[in-house]
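Asker: one predicted model, sequence on top.
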Amino acid sequence: MAQEGTARVDSWLWAVRLFKTRSAATAASRAGHVRINGERVKAAQGVRIGDEVRIRISGFDRIVEVRRLVVKRVGADIAAECLIDKTPPPPPKSEMALLPVRDRGAGRPTKRDRREIEKLRGNRDQDEERE
């Protein structure tokens, strides 16, 4: 365990069990899904005690504050002591956006279907912007 200085962010994320593997934590950093104090970081970036780490996992942000530095994988009880989870609770399912559901085997959406789906999502096609 490293108590002074810094630890690599990918190693720390893996050690406190936010990712199953260190390579998954490294891949998330490369993809830009890891931020320290609001800035995107590379996998080798150092993390310090008191830093706020924001991780994008499956479409939602997980916000944690570093309390203790570890570089080796630790047990769940020790991992819980190494961070403060500041993640807000997820919104209720009733407030989540409803995704259009297509019948199984209905085939590829038609152009009209696609436009309706885009309209529901709030996205606009370039064709509609030209009009």
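Answerer: Received, thanks.
Asker: how about the residue positioned nearest the centre of the chain, secondary structure?
Answerer: Computing the C-alpha centroid of the chain and ranking residues by Cα atoms, centre = their mean puts residue 56 first, at 1.0 Å. Of the three states, residue 56 takes strand according to DSSP: H, G, I helix; E, B strand; the rest coil.
Asker: wait, it sits on residue 33?
Answerer: Yes: between residue 56 and residue 33 there is a contact under Cβ atoms under 8 Å: 4.0 Å. Backbone N, C-alpha and C define where each C-beta goes, glycine included.
Asker: and the pLDDT at the residue nearest to the centre of the chain?
Answerer: Predicted confidence (pLDDT) for residue 56: 92.
Asker: show me the beta-bridge partners of it.
Answerer: Following DSSP bridges, residue 56 is listed with bridge partners residue 61.
Asker: and it, what is it in contact with?
Answerer: Residues in contact with residue 56 (Cβ atoms under 8 Å, 6 or more residues apart in numbering) are 28, 33-34, 62.
Asker: what does residue 90 give?
Answerer: residue 60.
Asker: residue 104 in helix, strand or coil?
Answerer: On the three-state scheme (three-state DSSP), residue 104 is labelled coil.
Asker: those strands in the chain, which residues are they?
Answerer: Ranges of strands within the chain are 7-8, 34-36, 39-40, 46-47, 52-57, 60-66, 83-85, based on DSSP state E.
Asker: so which of those gets nearest residue 115?
Answerer: In terms of Cβ to Cβ, the element of the strands of the chain nearest to residue 115 is strand 60-66, at 28.4 Å.
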